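A.B. asks: From the sequence below, what's the structure:
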Amino acid sequence: MSGARRPDSSDAGRLLLTVHPETLADRIDDPDATLLVAEHAAGDTEQVQGFVDIEAGEERTIRWLHVDPEARGAGIATALFERVAETDDGTPLTARILDAAVEGSEFLEGFGLEPDDTDHLSVGGEEFAVAVFTEGEGSSDANEPAVAVPGSVPVDGTERPLDREEAIPGRDAPFFRTYASEDRADPYGYFCSNCGSTDVSADGLDRLECGECGNLHRAEEWDRSYL
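C.D. replies: Got it, this is the predicted structure:
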């Protein structure tokens, strides 16, 4: 992904095939809406791979986060969410997702948002339940370690160095990658800074779960859920 930018009306037809282009164009032209687009450079062209739609007001509300199915699993959803977080102006952040989108709930909880309310959305005469997420009391500390993060930890009888500069967001506290040796050429595992354990499982979807305290990182799977 080469970066996120604000779209213009010419992007409307490229962003989604599952919504009416005029609806998306209206959002692009709405002064209360902010849309950030994730692009990938392919030769001399830029391909739109995803976008996030935020509505301004007393709260900043994420109305829609979508990633091209062919680009899912590349960290685009996470990058878009982090870009939204970087533009924090002090206004509370909320998000609305389909209530049935379990993966979306886990994604938001990984960034410190918590389910707070329910609503309904009517699309084409059909009504859908919507879950409303808000920043919880602990959200401001969700990406802060709860325990000291050492320079290395003993794993399998050997001291494994940590990369303390690259925190991976977790539901309760961040994770940190461990390496096989001091040259950090080969990743070895993960350190949970919520409890200090290295008993962290990982799968092909970049899902991390601490076997000791249950701390969770499951960011990428919200790529499948959108409003």
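
A.B. asks: May I see the domains of this structure written out as residue ranges?
C.D. replies: 3-140, 152-217 (automatic domain parsing).

A.B. asks: Which of those sits closest to A146?
C.D. replies: Evaluated over the domains of the chain, closeness to A146 peaks at domain 152-217, with 4.7 Å, by CB to CB. In short, each C-beta sits where N, CA and C put it, glycine included.

A.B. asks: And the domains of the chain, which one averages the lowest pLDDT?
C.D. replies: Of all the domains of the chain, the minimum mean pLDDT falls on domain 3-140 (a mean of 72).

A.B. asks: Run through the neighbouring helices and strands of the longest helix along the chain.
C.D. replies: Scanning the chain for the longest helix, with DSSP state H as the assignment, gives helix 76-86. Counting contacts by 3 or more CB pairs under 8 Å, 6 or more residues apart in numbering; DSSP states H and E, helix 76-86 packs against strand 3-5, strand 33-42, strand 45-55, strand 60-67.

A.B. asks: where do the strands sit along this protein?
C.D. replies: 3-5, 33-42, 45-55, 60-67, 93-98, 113-123, 126-135, 152-155, 158-168, 175-179, 187-192, 200-202, 208-210, 216-217 (DSSP state E).

A.B. asks: possible to save these as JSON lines with mean neighbour count and distance to G104?
C.D. replies: Formatted as JSON lines, these follow (neighbours: other CB atoms under 10 Å; distance: least, CB to CB, whole Å):
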{"stretch": "strand 3-5", "mean neighbour count": "17", "distance to G104": "19"}
{"stretch": "strand 33-42", "mean neighbour count": "18", "distance to G104": "17"}
{"stretch": "strand 45-55", "mean neighbour count": "20", "distance to G104": "13"}
{"stretch": "strand 60-67", "mean neighbour count": "22", "distance to G104": "8"}
{"stretch": "strand 93-98", "mean neighbour count": "22", "distance to G104": "4"}
{"stretch": "strand 113-123", "mean neighbour count": "13", "distance to G104": "10"}
{"stretch": "strand 126-135", "mean neighbour count": "15", "distance to G104": "8"}
{"stretch": "strand 152-155", "mean neighbour count": "14", "distance to G104": "32"}
{"stretch": "strand 158-168", "mean neighbour count": "15", "distance to G104": "19"}
{"stretch": "strand 175-179", "mean neighbour count": "22", "distance to G104": "20"}
{"stretch": "strand 187-192", "mean neighbour count": "22", "distance to G104": "23"}
{"stretch": "strand 200-202", "mean neighbour count": "16", "distance to G104": "21"}
{"stretch": "strand 208-210", "mean neighbour count": "23", "distance to G104": "18"}
{"stretch": "strand 216-217", "mean neighbour count": "22", "distance to G104": "14"}
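
A.B. asks: And the ones you listed: which comes nearest E82?
C.D. replies: strand 3-5 (9.4 Å).

A.B. asks: if we can go back for a sec, if you count neighbours, what's buried in the longest helix of the chain?
C.D. replies: Neighbour-count burial for helix 76-86, counted by 16 or more other CB atoms under 10 Å, picks out 76-81, 84.
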